[in-house]
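> model this:
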Amino acid sequence: MLLATLERLAQRGQEGVTLREITQSAGANVAAVSYHFGSLKGLCDAAIEHALERYLDAQIQALDALAGTATLNELAEAFARPMMNALTAGGRELAVMRTVARVGIDPPVGWERLTGKFEQARRHAVRVLAMNLPEVGEQELVFRTRCAAGMLNWLALAPIGAELAAESAERVERMLVPVVAGAFRGGPAGA
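Numbers count the residues shown, from 1 in each chain. This next block holds a predicted model:
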């Protein structure tokens, strides 16, 4: 039922889905939605949360795979990999990421259970950043990580995301990784 909901959300957004078409697509009945999710909104929130959790798991896996001596570019590639995959896959994957990014700006009540995953990804990124930028304090490294995540969400929502979806995976990586690495690297104050 979650996948059927994500497909409908990706096609029409939250305002354009109906309980009837989701249940027909999933081969379920309305009573099952009421029992398990309470409402159409509850089902949509659960589907989006599920997609976000998959995204975070992929990001954490990529960050976990980094060597102890990873560079800022390697960190940027690992951090951005799930979004680059969605951008280059286009279609449903990109539409799902757009839905997740849009809702992620103002997460629904109950998403607190994903806080640990957000923090785990952030900790991995800050660990690599601290090795590469020992002169920068932890609070600023966390800020840079959050900014990089915000840029990735923006890419999913902005028209440039659709433009990138038309590019090859290699070109997307070549264009995006230096930008994310630059967000991590920062620059001198006042520059």
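
> gap between residue 68 and residue 130?
Distance, residue 68 to residue 130, using Cβ to Cβ, to the nearest Å: 12 Å. Just so you know, the C-beta spots here come from the backbone N, C-alpha and C atoms, and that holds for glycine as well.

> what's the answer for residue 54, then?
From residue 54 to residue 130 the distance is 28 Å (Cβ to Cβ).

> which residue of the chain sits farthest from its center?
The outermost residue of the chain relative to its centre, with distances by Cα atoms, centre = their mean, is residue 31 at 31.3 Å.

> quick check: which element contains that one?
Per DSSP states H and E: residue 31 is located in helix 30-37.

> so where is this protein shaky, pLDDT-wise?
Applying pLDDT under 70 to the chain flags residues 104-110, 188-191.

> contacting residues for the most centrally placed residue in the chain?
For the chain, residue 55 is the residue whose C-alpha lies nearest the centre (Cα atoms, centre = their mean; 5.2 Å). Listed by Cβ atoms under 8 Å, 6 or more residues apart in numbering, the contact set of residue 55 reads 82, 83, 86, 97, 100.

> ok, now which ones touch the first one?
To tie it back to what came earlier, the one meant is residue 82. By Cβ under 8 Å, 6+ apart, the contact list for residue 82 reads 55, 58, 59, 62.

> done for today, thanks.
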